[in-house]
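Q: I'll drop the sequence and a predicted model, then ask my questions.
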Number of protein chains: 2
Amino acid sequence: MSKTILLDQRPVGMPKLSDFKFVTETVPEISDGEMLLETLYVSVDPYLRGRMNDVKSYIPAFELNQPISSGIVAKVISSKSENFSAGDYVTGMLPWKERQVSDGQGLMKVDPEGAPLSAFLGVLGLTGLTAYLGLMEIGKPKAGETLVVSGAAGAVGSIVGQIGKILGMRVIGIAGSDEKINMIKSDFGYDEGINYNTTENMVEALGQYCPEGIDVYWDNVGGTISEAVLFHINKFARLIQCGAISMYNDTSFPKSISVHSFLVRNSALMQGFIVFDYQAKYPEAILKLSQWLQEGKLKNVETIREGFDTIPQAFLDLFHGKNKGKMIIKTV
Amino acid sequence: MSKTILLDQRPVGMPKLSDFKFVTETVPEISDGEMLLETLYVSVDPYLRGRMNDVKSYIPAFELNQPISSGIVAKVISSKSENFSAGDYVTGMLPWKERQVSDGQGLMKVDPEGAPLSAFLGVLGLTGLTAYLGLMEIGKPKAGETLVVSGAAGAVGSIVGQIGKILGMRVIGIAGSDEKINMIKSDFGYDEGINYNTTENMVEALGQYCPEGIDVYWDNVGGTISEAVLFHINKFARLIQCGAISMYNDTSFPKSISVHSFLVRNSALMQGFIVFDYQAKYPEAILKLSQWLQEGKLKNVETIREGFDTIPQAFLDLFHGKNKGKMIIKTV
């Protein structure tokens, strides 16, 4: 028997535990070309909230009474597939099930010697790819420029900031607690950090820490924090829109300061970034990220929860900033 | 004696006639290397409103008690310059003066045989360059795509729409009167037009006229019209921010629907456009625009006012949509 987590109802506003339903099912026998997988690590990510709404977006919405899926690392328990053997480790987008049968489509083998298995959901997974490709492709960073990262202690933000430092930028992070601010400075090498929960005037604080203005802004959050950034952008600034966690749970269309005049005055660019648009560049990005990881220039930072049953709560906790780095559930 | 128009006080909100002051001065004798110019045509443009505020922008603010300047076509009355002769026609950014002495810096000779003189302030001037370069460089238009233009009957918008049609796009214009809607369809070849003053639900109207969504949006206006466009943008849409006439007179920071989630969901791009950033491409653009003009594919549309004294009122009238195409004052 194996547990599965279904979307029981579409969340309205902030998601809650009762939006999810646990069911127990028997795992079918494997046929030729198939294998049996045991889930080891599950990634929960803010963008999943978007898929719980029934709206057109870059990936289809989750269906009601069907399993949620996300990035997973699993072990092959038994196999009738030519491409995978018992004992292999794989990663890919998979439904939230303890055990499941797969034909291997969309899955990739990973080498547990190369990096800790959970890293394939973090710095060497979609999270790292998002940070690297978003910053390089839209941010076009240059040494000496100033980079501001919101959600700086989160899964993607913590990697973006570290890459900014590797590339020789001045990097300022925005996060929601003094503990996180200390961490981004001491562990990730950020030059300065701003705690938005204790800072009365964000516009002033950004001005103080960015005396030469802001060239690249990694926008993980949207909302009032991003408004404050607009007042400091330089000519030709690049604003990377990578999810807007402050808005995922909004049920109406939130209002912000209009960006138009800021963009016009500064010939600035705002662009939405979805890593799936850049699949052709994954190999180049993984190569670079692995190299930095091995050289010790890049740290893989994780918040690990334990137990399959904790997945929904871990997901909810993302919206209260309870993770440092990548939020991962160790299920076995 | 010659009249000059000074900025008497910085407008607060909507500008008014009393923000300007007329003075009469004697015109100095010309020295070696100089020439005497008589102003023939004056361009008034919405962006001048921005220069009347004392804020950092892409061009310096006008100074109090100093003349306003804008695009002007003038005739050389007498010359001690090696580069210009009496009888030449020149264009460039010049102060609002009936007559003035110039050393020719920044001025360009124009050929009255090549096109009507006023066209050098319109389709063959910064207006045409803005339309062409903004659309090509940021919009990256493709035949078959859908282009929406706000301020569609205005100086820049009327040219953008015509270029869109030349390039084989479906082109929808937004303007503020039925007369303008008729004009953009019959004179400029727009496929459809929406009168925002009589349309209750802009989101619905855009959906009706853009059944395949919106790929390129030329945003001349900002505000609620631009909000409605967001609901229809396609994957990889390009939103060209070219001034925001609805906001030039705002004294606080206006709020709009937050663009973040729309940009993220559609991997869409918004970019501020200022023609001065693309000077290297002026010759290529002028060549193309002249060619289309001579072939009769592009129409130069103007609202001509007469008399130097009407300049301030013509400028104010821009903010009430009283121009069709380029607003120009014929001063002689």
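A: Perfect, thanks for sending it. Numbering: from 1, shown residues only, chains lettered A, B, ... in the order given.
Q: Identify the residues contacting the least confident helix or strand in chain A by mean pLDDT?
A: Least confident helix or strand, chain A: strand A:255-257 with a mean of 81, by mean pLDDT, DSSP states H and E. Defining contact as Cβ atoms under 8 Å, 6 or more residues apart in numbering or on different chains, one finds that strand A:255-257 is touched by A:222-224, A:226-227, A:230, B:253-260. All C-beta atoms are positioned from the backbone trio N, CA, C, and that covers glycine.
Q: Quick one: distance of that strand to the chain centre.
A: Distance of strand A:255-257 from its chain centroid, counting by Cα atoms, centre = their mean, to the nearest Å, is 24 Å.
Q: and what of stretch A:273-283?
A: For stretch A:273-283, the distance from its own C-alpha centre to the chain's C-alpha centre is 14 Å (Cα atoms, centre = their mean).
Q: Point out where the stretch 1-150 of chain A drops to low pLDDT.
A: For the stretch 1-150 of chain A, applying pLDDT under 70 flags the ranges A:56-58.
Q: give the contact list for the closest residue to A:Pro312 other than its chain neighbours.
A: Spatial nearest neighbour of A:Pro312, chain neighbours left out: A:Phe20 (4.4 Å); criterion: Cβ to Cβ, 6 or more residues apart in numbering or on different chains. A:Phe20 is in contact with A:5-8, A:68, A:312, counting by Cβ under 8 Å, 6+ apart.
Q: Sort out for me which of those residues are in strands.
A: A:5-7 (DSSP state E).
Q: Low-confidence regions, the stretch 201-332 of chain A specifically.
A: A:243-252.
Q: where do the helices sit along it?
A: Assigned by DSSP state H, counting those that start in this stretch, the helices in the stretch 201-332 of chain A fall at A:202-209, A:223-230, A:260-266, A:282-294, A:311-318.
Q: Including distance to B:Glu34, could the ones you listed go into JSON lines?
A: Formatted as JSON lines, those follow (distance: least, Cβ to Cβ, whole Å):
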{"stretch": "helix A:202-209", "distance to B:Glu34": "45"}
{"stretch": "helix A:223-230", "distance to B:Glu34": "44"}
{"stretch": "helix A:260-266", "distance to B:Glu34": "35"}
{"stretch": "helix A:282-294", "distance to B:Glu34": "59"}
{"stretch": "helix A:311-318", "distance to B:Glu34": "69"}
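Q: can you tell me which of these comes nearest to A:Ile329?
A: helix A:311-318 (5.2 Å; Cβ to Cβ).
Q: what does the stretch 201-332 of chain A put close to chain B?
A: Applying Cβ under 8 Å from any Cβ of the partner chain, one finds that the stretch 201-332 of chain A approaches chain B through A:219, A:222-223, A:226, A:235, A:241-244, A:247, A:253-274, A:277.
Q: rerun at 7 Å
A: Applying Cβ under 7 Å from any Cβ of the partner chain, we find that the stretch 201-332 of chain A lies next to chain B at A:219, A:222, A:241-244, A:247, A:253-261, A:263-274, A:277.
Q: Pull out the buried members of these.
A: Among those, those classed as buried by 16 or more other Cβ atoms under 10 Å in any protein chain shown are A:219, A:222, A:241-244, A:247, A:254, A:256-261, A:263-274.
Q: how's chain A carved up into domains?
A: Following automatic domain parsing, chain A resolves into domains at A:2-122+A:301-330, A:126-276.
Q: most packed of these?
A: The highest average neighbour count among those, using mean count of other Cβ atoms under 10 Å in any protein chain shown, belongs to domain A:126-276 at a mean of 21.
Q: Distance from it to the middle of the chain?
A: 14 Å.
Q: which one of the helices of the stretch 201-332 of chain A lies closest to B:Ala143?
A: helix A:260-266 (27.3 Å).
Q: okay, now A:Ala295: neighbour count?
A: Quick fix: residue A:295 is Glu, not Ala. 9 (other Cβ atoms under 10 Å in any protein chain shown).
Q: any idea how far it lies from A:Leu289?
A: Using Cβ to Cβ, to the nearest Å, A:Glu295 is found at 11 Å from A:Leu289.
Q: And A:Ala268, by the same measure?
A: In terms of Cβ to Cβ, A:Ala268 sits 28 Å off from A:Leu289.
Q: Quick check: end-to-end length of stretch A:13-23?
A: Taking Cα to Cα, to the nearest Å, stretch A:13-23 runs 24 Å from one end to the other.
Q: thinking again about what came up before, which one of the ones in strands among the contacts of A:Phe20 is nearest chain B?
A: A:Leu7 (19.3 Å; Cβ to the nearest Cβ).
Q: and A:Thr24, helix, strand or coil?
A: strand (DSSP: H, G, I helix; E, B strand; the rest coil).
Q: measure it to chain B for me?
A: In this view, A:Thr24 and chain B are 35 Å apart by Cβ to the nearest Cβ, to the nearest Å.
Q: re earlier: make TSV out of the ones in strands among the contacts of A:Phe20 and add distance to B:Gly13.
A: Formatted as TSV, the ones in strands among the contacts of A:Phe20 follow (distance: Cβ to Cβ, whole Å):
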residue	distance to B:Gly13
A:Ile5	55
A:Leu6	55
A:Leu7	50
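Q: From these, list the ones also adjacent to chain B.
A: Counting by Cβ under 7 Å from any Cβ, no member of those is near chain B.
Q: picking that back up, list the pairing partners of the least confident helix or strand of chain A within its sheet, with orientation.
A: Strand A:255-257 has its sheet partners listed here by DSSP bridges as strand B:255-257 (antiparallel).
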